[in-house]
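Asker: A predicted structure for the sequence below; I have some questions about it.
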Amino acid sequence: MLAQDSVKLDIGNHKKITPLLEAVSRAHLRIIRKLIIQGANINAVDNDGNNCLHLSIIKKEMFHSEVEPIPILDECCKELQLDMDRRLSGIVVLSYLASQGASLYHRNKKKKVTPLDCIENQHLKEKLQTFLQSLCWFCQEKKATVTLHPCQHTVICQNCCSQMTFKQCPICRQHILQKSGFVCPKCEEKAVKTVVESVESLNLEENRSHSTSKKVAVKQQQVETPKLEEKCLQDVAKLLGVDWQQVGRNLGIRNIKLGNIRHDYPFNTEEQGFQMLHTWYTSCDPERRTLKTLRKALEEAECFEALQCLPSEEK
């Protein structure tokens, strides 16, 4: 039934509980996975503002009904240093849901806490954050092993690296001069040499401009940055057109989520663009939810017309 196009995956009941939230509440892993594959909104919230991560972490009993093995659960146990008998526990399922795009930073209404706040074990919390950061940004399934230079962020797996072309790091937006971690043995020595030379050249340039950039940074801190209003996202979305996916990648939204948006809102680029921006606005780290971040993403995608929708101070 879930495979039928007419099925409304995100319809909520009188408590705004969607099928995905209900499946998490009932610890039904098979239905959870099917809903995610079909494109259910993984960041849906109920009347209390709880998302699927809030609900999974408070579950005391084990999740059940895993018909087909989910390899990432094994990886979660390993990285969180948990025994395999906790493979279907709430914290492991939380890791799985977070790897699929669920926000760890969303605060509920009652206690104003995020899913991360609900994890009492500080060591486990740190392990979780490290593990999620180590997953490939694009497929979210394999471990990131390819390192980008000169920023040295390890954000992509070998498979995605061989199939995709990108010029900037999805985390810090620095231009990529080289990649390491997937080159063949014969090329490795040459690649390392190229990386070292590039980094040394970059460091020399940074040292020359350090004094100037420091002064500029101090002045910028003294200027109050306008707050990003959610209402301006709709205006920006109207002018993105087919470039909405590239803007989404620039904002760090994973390909699997962009694919879900494309599937849920076919032939409507304005709505696709808005849903992408809304996903970024509601699920990213609050420190990156700024006009500066959005402006940079639009500039890199060359969406100059959409830039005009931002407040004049940030243009």
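Answerer: Nice, thanks for sending it over. Numbering: from 1, shown residues only.
Asker: tell me the average confidence for stretch 121-141?
Answerer: Along stretch 121-141, the predicted confidence averages to a pLDDT of 80.
Asker: Need the contact partners of it.
Answerer: Contacts of stretch 121-141 with the rest of the structure, by Cβ atoms under 8 Å, 6 or more residues apart in numbering, involve 71-72, 75-76, 79-81, 91, 94-95, 98-101, 104, 116, 119, 142-144, 154-157, 159-160, 164, 170-171, 252, 254-256. For glycine as for every other residue, the C-beta is placed from the backbone atoms N, C-alpha and C.
Asker: just the CA coordinates of it, formatted as CSV?
Answerer: Below are the C-alpha coordinates for stretch 121-141, written out as CSV (Å, rounded to 0.1, in the frame of the first residue of the first chain):
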residue,chain,number,x,y,z
ASN,A,121,25.2,9.7,28.7
GLN,A,122,27.7,12.4,27.7
HIS,A,123,30.2,9.9,26.3
LEU,A,124,27.5,8.3,24.1
LYS,A,125,26.4,11.7,22.9
GLU,A,126,29.9,12.6,21.8
LYS,A,127,30.2,9.2,20.1
LEU,A,128,27.0,9.8,18.2
GLN,A,129,28.0,13.2,17.0
THR,A,130,31.3,11.9,15.8
PHE,A,131,29.7,9.0,14.0
LEU,A,132,27.1,11.1,12.2
GLN,A,133,29.8,13.5,11.1
SER,A,134,31.8,10.5,9.7
LEU,A,135,29.0,9.3,7.3
CYS,A,136,29.2,10.2,3.6
TRP,A,137,27.3,13.5,3.1
PHE,A,138,25.8,12.2,-0.1
CYS,A,139,24.7,8.6,0.2
GLN,A,140,24.5,8.6,4.1
GLU,A,141,25.2,4.9,4.1
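Asker: Mark which of the contacts of stretch 121-141 are part of strands, please.
Answerer: Restricting the contacts of stretch 121-141 to those inside strands, with DSSP state E as the criterion, leaves Thr154, Val155, Ile156.
Asker: which one of those residues is nearest Leu310?
Answerer: The closest of these to Leu310 turns out to be Val155 (Cβ to Cβ; 27.1 Å).
Asker: right, and the closest one touches Ala144 too?
Answerer: Yes: Val155 is within contact range of Ala144, at 5.2 Å (criterion: Cβ atoms under 8 Å).
Asker: what residues are up against Met164?
Answerer: With Cβ under 8 Å, 6+ apart, Met164 has these contacts: Phe138, Ile156.
Asker: Any stretches of the protein with poor pLDDT?
Answerer: Low-confidence segments of the chain, defined by pLDDT under 70: 1-7, 140-141, 171-172, 182-227, 230, 312-315.
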